[in-house]
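Student: below is the sequence, then the predicted model.
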Amino acid sequence: MEKAILVGLDTPGAQWNIEETMRELAQLADTAGAEAVAEVVQKKERPDSAYYVGKGKVEEIRIIAEETAADLVIFNDELSPSQIRNLEAALSVRIVDRTALILDIFAQRAQTKEGKLQVELAQLNYLLPRLTGRGTELSRLGGGIGTRGPGETKLEVDRRRLRKRIGELKKEIEEIRKHRHLHRKARKNIPLPVVTMVGYTNAGKSTLLNVLTAAGVLAMDKLFATLDPTTRRVKLPRGGQFLLTDTVGFIQKLPHHLVAAFRATLEEVLEADLLLHIVDAAHPQAEQQMIAVQDVLSQLEAEHLPQLVVFNKMDLPEAHPAYNVLSHQYPQHVAVSAAKAKGIDVLLDKIEEILHRENEQLDMLIPFTEAQLLHVIRQYGKLEREEYLPEGIRVRGVLPRAWANKIQQQLNLRRT
Ligand SMILES: Nc1nc2c(ncn2[C@@H]2O[C@H](COP(=O)(O)OP(=O)(O)OP(=O)(O)O)[C@@H](O)[C@H]2O)c(=O)[nH]1
Ligand SMILES: [Mg+2]
């Protein structure tokens, strides 16, 4: 394990309490494979533009680094290219900021081709303005890009090579997305409403998916255990079905390059009829975590989707005080313990109720090739009239909005 010194700023008006944010940084470091050997926190109005911490603190960190033989220093915010350069010169150890740390974890976790390409894209976009020509950064990525040498010319060559690779990555990611679109288009399935789980990392999303579907998704006490979305079918109490998607966890200060790179996948996932916002109610910063999740959702323009808040880990006594406060702020909620499979019936009832809540008047023309859609209307709503016209079947009736939306989406997909 590499030895790391963790450095954070205690700034006035910060959302998170400093102990908790440093604890999270230590967890991130641990997940990435580094052991925290020391922690340095400075109370400061705002980050120093040259060194992030004050000049005196830099010297303090240098001494600690020598004493502990640290391999790297990890900073709790994203650093500017010049801050990294200055700190590297002053400390002579590797400097890693919060963004690079999260990108590193994602790089280790990515399983699918698409996930790997997206992480690489985010890493290169992060790296591009930070190339110094002095040497260490590119080799950190390992593989593919070549070894470093000093010199301005070499730097220009590297920049050009990076830009070229970024272009290629974007193209490849777009190809995969197109392919998936075609695949979806070719599938002739009965459309089902989509429920997507979102939440802070480690909230219990994968555990809940496993309880509901026996999916066998990896769930563990690590940050970002899940990267690639998984979708499973779940049965509702009164016989209906929906698709449940587990997805990557969010975190405060999620690197914007990462959000940008994952945008395409996340947007598809968020074409949902309902979001389940899973909350670790036992976490001391549960409320701040909820705010961080809402923040990422608004970055993804998904804050308008209907949301059901699921307070999880209710088996733990620590969950009760937070629940007592937060449950009033989120009237639309349920309380569960995914680990103990408690409250699952209530959760499913609530999902069913929400999916059925709003009915829509239907008046649409269904092509003969999509006649299976009539079954959906019969099963979930009321088919009042069907009229066989030369160009298809004109149907009128009522259907819960969630299913009506899916039928509309399927018809649109056929037309593209
Ligand atoms: N006590 C308790 N622990 C839980 C509960 N649900 C999940 N956990 C634990 O919380 C940890 C994280 O669970 P995951 O299901 O991996 O969380 P996740 O939201 O999928 O996390 P990421 O994939 O990292 O975003 C695991 O150690 C679970 O065993 C619960 O209801 N009670
Ligand atoms: Mg997970």
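Tutor: All right, it came through fine. Ligands and ions are numbered 1, 2, ... in the order given.
Student: buried set for stretch 190-209?
Tutor: 191-209 (16 or more other CB atoms under 10 Å). Any C-beta I mention is one placed from the backbone N, CA and C, and that applies to glycine too.
Student: next one: stretch 384-403
Tutor: So stretch 384-403, judged by 16+ other CB under 10 Å, has buried residues 392-393, 395, 397, 399-403.
Student: now stretch 54-64
Tutor: In terms of neighbour count (16+ other CB under 10 Å), stretch 54-64 has its buried residues at 57-58, 61-62, 64.
Student: now render those residues as a markdown table, adding secondary structure and distance to Leu87.
Tutor: Rendered in a markdown table, the data for the buried residues of stretch 54-64 read as follows (DSSP: H, G, I helix; E, B strand; the rest coil; distance: CB to CB, whole Å):
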| residue | secondary structure | distance to Leu87 |
| --- | --- | --- |
| Lys57 | helix | 11 |
| Val58 | helix | 7 |
| Ile61 | helix | 9 |
| Arg62 | helix | 10 |
| Ile64 | helix | 14 |
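Student: CSV please, covering the residues you listed and showing distance to Gly343 and pLDDT.
Tutor: Shown next, in CSV, are the buried residues of stretch 54-64 (distance: CB to CB, whole Å; pLDDT from 0 to 100):
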residue, distance to Gly343, pLDDT
Lys57, 47, 97
Val58, 50, 97
Ile61, 47, 98
Arg62, 52, 97
Ile64, 47, 97
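Student: which one of those sits closest to Arg414?
Tutor: Proximity of these to Arg414, judged by CB to CB, is greatest for Ile61, which lies at 60.6 Å.
Student: tell me what the top helix by length along the chain is packed against?
Tutor: If you go by DSSP state H, the chain has its longest helix at helix 152-186. Packing partners of helix 152-186 (3 or more CB pairs under 8 Å, 6 or more residues apart in numbering; DSSP states H and E): helix 113-127, helix 256-269, helix 401-415.
Student: just checking, Leu116 touches Ala110?
Tutor: To be clear, residue 116 is Lys; Leu isn't right here. Yes - at 4.4 Å, Lys116 counts as touching Ala110 under the criterion of CB atoms under 8 Å.
Student: shared neighbours of those two, anything?
Tutor: The contact sets of Lys116 and Ala110 do not overlap (CB atoms under 8 Å, 6 or more residues apart in numbering).
Student: ok, the residue of the chain found nearest ligand 1 - contacts?
Tutor: For the chain, the residue closest to ligand 1 is Gly249, as judged by CB to the nearest ligand atom, at 2.3 Å. Gly249 makes contact with 199-203, 205, 223-226, according to CB under 8 Å, 6+ apart.
Student: would you format these as TSV with secondary structure, pLDDT and distance to ligand 1 included?
Tutor: Below are the contacts of Gly249 laid out as TSV (DSSP: H, G, I helix; E, B strand; the rest coil; pLDDT from 0 to 100; distance: CB to the nearest ligand atom, whole Å):
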residue	secondary structure	pLDDT	distance to ligand 1
Gly199	strand	95	6
Tyr200	strand	96	7
Thr201	coil	93	4
Asn202	coil	95	5
Ala203	coil	97	4
Lys205	helix	94	3
Leu223	coil	75	5
Phe224	coil	74	5
Ala225	coil	73	4
Thr226	coil	73	3
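Student: which one of those sits closest to ligand 2?
Tutor: Among the contacts of Gly249, Thr226 lies closest to ligand 2 (CB to the ion), at 3.0 Å.
Student: what's the burial count for the closest one?
Tutor: Neighbourhood size, Thr226 [other CB atoms under 10 Å]: 22.
Student: apart from its chain neighbours, what residue comes closest to it?
Tutor: Spatially, and ignoring its direct neighbours in sequence, Thr226 is nearest to Ser206 (5.3 Å; CB to CB, 6 or more residues apart in numbering).
Student: do the same with Ala14
Tutor: Nearest one to Ala14, counting by CB to CB, 6+ apart, is Thr21 at 7.6 Å.
Student: so is the helix or strand harbouring the one you found next to ligand 1?
Tutor: Element membership of Thr21, judged by DSSP states H and E, is helix 18-32. No - Helix 18-32 lies out of reach of ligand 1 by CB under 6 Å from any ligand atom, never closer than 9.1 Å.
Student: still on that earlier bit, and the buried residues of stretch 190-209 near ligand 2, which?
Tutor: Residues shared between the buried residues of stretch 190-209 and the neighbourhood of ligand 2 are 205-206 [CB under 5 Å from the ion].
Student: just to revisit the earlier point, of the buried residues of stretch 384-403, closest to Glu268?
Tutor: Ala402 (17.1 Å).
Student: tell me the pLDDT at the closest one?
Tutor: pLDDT, Ala402: 89.
Student: and what of Leu348?
Tutor: pLDDT for Leu348: 95.
Student: same question, Leu218
Tutor: Per-residue pLDDT puts Leu218 at 68.
Student: what residues does the chain put near ligand 1?
Tutor: Residues of the chain found near ligand 1 (CB under 6 Å from any ligand atom) are 199, 201-207, 219-221, 223-226, 249, 312-313, 315-316, 337-339.
Student: and with 5 Å instead?
Tutor: 201-207, 219, 221, 224-226, 249, 313, 315-316, 337-339 (CB under 5 Å from any ligand atom).
Student: between the helices and strands packed on helix 152-186, which gets the lowest average pLDDT?
Tutor: Looking at the helices and strands packed on helix 152-186, the bottom one is helix 256-269 with a mean of 80.
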